[in-house]
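J.: Turn this into a structure:
(2 chains)
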Number of protein chains: 2
Amino acid sequence: MPNPADLNEDEKTWETVFRTAAALERTRQLELSRVGIRLPQAAILHFLGTSREPLTPVKLSRLIHKKRHTITALVHRMEAQGLVSTEKDMARKNWLRVSLTKKGKAAFRRQLSERTAMNITACLSRQEVATLNRIMRKLYLATDEMRREMEPSPYDHLLRL
Amino acid sequence: MPNPADLNEDEKTWETVFRTAAALERTRQLELSRVGIRLPQAAILHFLGTSREPLTPVKLSRLIHKKRHTITALVHRMEAQGLVSTEKDMARKNWLRVSLTKKGKAAFRRQLSERTAMNITACLSRQEVATLNRIMRKLYLATDEMRREMEPSPYDHLLRL
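T.: Now for the predicted structure:
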């Protein structure tokens, strides 16, 4: 069988980044469970709560980096829970516009009250934080390019990320 | 409503890290879908494929940073697909030992054949890679400590991470 020692430097780094991201995600999930919010919902609440206008499932799926049908199913579950409302777009009749309900806004405020995990980089020096941001932005651009090659989308030109 | 501009420097960094991790994960998922493997399975295949001995669901859940019942359900689905086999531990009768079947080993080899996303940090200088590793390890330790405070586990002392 292959051995972890066979991984090159980049692949070992990948493992380290993934392990850390998974640990961060789990900790955030534990924190949000105190206010009755699950992580996939939290992403929807966040983007709707900080957007000036309703968002489509397509836009949400691009922001959250999940498949469109995963997001559509999640939006419909959240609609059944009374957290979001959807409205057909008049101009493009098969596009939905999703926005927060009053209950959804309250959930978003509860979410914002739990921020310990979000401040995890307080353990780093300010210079390390700046470096981390710079490296993450580089990786994001490289990943986004790789993703577009693997999955060309007719919507790419409509989405400013 | 709160505004993203209300986020402090650490919280904005959190967003950037999360956005990048989600993009990395999505790209890896697209890559693995070419060889018929889904991301949650990939983590199980990876840890079983690189371990010298069978692993318990508890150990897998700690390595993968997912809830124990999520991992147990996943292991049972993978067992039904013929990818892993489970065996009761003789010493602790309610512990399962999970290992790869022949079909699981073949899936792990297919997974190792797809490594483009895993090499994403090839776009960074070697010094940036070293810095990224150092920062990620710091964040991992801080997160793990935070997680233990939120979710003390009777197994913590049994698990060397």
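J.: What residue, apart from its backbone neighbours, is nearest the residue most central in space within chain A spatially?
T.: Against the mean C-alpha coordinate of chain A, by Cα atoms, centre = their mean, the closest residue is residue A:64 at 3.4 Å. Leaving aside its sequence neighbours, residue A:64 sits nearest to residue A:43 (Cβ to Cβ, 6 or more residues apart in numbering or on different chains; 4.7 Å). From N, CA and C alone the C-beta is placed, and that goes for glycine too.
J.: Give the helix, strand or coil label for that neighbour.
T.: Secondary structure for residue A:43, judged by DSSP: H, G, I helix; E, B strand; the rest coil, is helix.
J.: Distance check, it against residue B:84.
T.: From residue A:43 over to residue B:84 the distance is 30 Å, taken as Cβ to Cβ, to the nearest Å.
J.: Looking at these two, which has the bigger crowd around it?
T.: residue B:84 (25 against 19; other Cβ atoms under 10 Å in any protein chain shown).
J.: any idea how chain A splits into domains?
T.: A:10-118, A:120-150 (automatic domain parsing).
J.: Residue B:105 is nearest to which of these?
T.: Closest of the domains of chain A to residue B:105 is domain A:10-118, at 19.3 Å (criterion: Cβ to Cβ).
J.: Please convert the domains of chain A to CSV, extending it with mean pLDDT.
T.: Below are these laid out as CSV (pLDDT from 0 to 100):
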stretch, mean pLDDT
domain A:10-118, 92
domain A:120-150, 95
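J.: I'd say the residue nearest to the centre of chain A and residue A:45 touch.
T.: No. Residue A:64 sits out of contact with residue A:45 when judged by Cβ atoms under 8 Å, with a separation of 11.2 Å.
J.: So what touches whichever helix or strand residue A:137 is part of?
T.: Residue A:137 is part of helix A:126-150 when elements are defined by DSSP states H and E. Contacts to helix A:126-150, defined as Cβ atoms under 8 Å, 6 or more residues apart in numbering or on different chains, come from residues A:121, A:124, A:156, A:161, B:9-10, B:12-13, B:16-17, B:19-20, B:23-24, B:26-27, B:30-31, B:116-117, B:120-121, B:123-124, B:128, B:131-132, B:135, B:138.
J.: Going through those residues, which ones are buried?
T.: Listed as buried from these are A:121, A:124, B:10, B:12-13, B:16-17, B:19-20, B:23-24, B:26-27, B:30-31, B:117, B:120-121, B:123-124, B:128, B:131-132, B:135, B:138; burial here means 16 or more other Cβ atoms under 10 Å in any protein chain shown.
J.: So which residues of chain A form strands?
T.: Per DSSP state E, chain A carries strands over the ranges A:84-88, A:96-100.
J.: Would you mind saying which of those lies nearest chain B?
T.: strand A:96-100 (8.3 Å; Cβ to the nearest Cβ).
J.: list the helices and strands the closest one packs on?
T.: Under the contact definition 3 or more Cβ pairs under 8 Å, 6 or more residues apart in numbering or on different chains; DSSP states H and E, strand A:96-100 sits against helix A:39-50, helix A:57-64, strand A:84-88.
J.: Distance-wise, check residue A:98 relative to residue A:68.
T.: 13 Å.
J.: anything in contact with each of those two?
T.: Joint contacts of residue A:98 and residue A:68 (Cβ under 8 Å, 6+ apart) are residue A:57.
J.: coming back round to it: thinking the residue nearest to residue A:64 is in contact with residue A:62, fair?
T.: No. Contact criterion Cβ under 8 Å: residue A:43 and residue A:62 do not qualify, at 12.0 Å.
J.: shared neighbours of these two, anything?
T.: Residues touching both residue A:43 and residue A:62 (Cβ under 8 Å, 6+ apart): none.
J.: count of neighbours near residue A:82?
T.: Residue A:82 has 12 nearby residues by other Cβ under 10 Å.
J.: same question, residue A:85
T.: Residue A:85 has 16 nearby residues by other Cβ under 10 Å.
J.: quick one: it and residue A:103 touch, right?
T.: No. Contact criterion Cβ under 8 Å: residue A:85 and residue A:103 do not qualify, at 9.9 Å.
J.: quick one: is stretch A:18-37 near chain B?
T.: Yes. Contact of stretch A:18-37 with chain B (Cβ under 8 Å from any Cβ of the partner chain) involves A:18, A:19, A:20, A:21, A:22, A:23, A:24, A:25, A:26, A:27, A:30, A:31.
J.: got the contact list for the closest residue to residue A:26 other than its chain neighbours?
T.: Nearest residue to residue A:26 in three dimensions, chain neighbours excluded: residue B:65, at 4.3 Å (Cβ to Cβ, 6+ apart). Counting by Cβ under 8 Å, 6+ apart, residue B:65 touches A:19, A:22, A:23, A:25, A:26.
J.: Need phi/psi at residue B:65.
T.: phi 60, psi 50 (degrees, to the nearest 10).
J.: can you pull the contacts of the closest residue to residue A:122 other than its chain neighbours?
T.: Computed as Cβ to Cβ, 6+ apart, the closest residue to residue A:122 that is not its neighbour in sequence is residue B:10, at 5.3 Å. Residues near residue B:10 by Cβ under 8 Å, 6+ apart: A:118, A:119, A:120, A:121, A:122, A:129.
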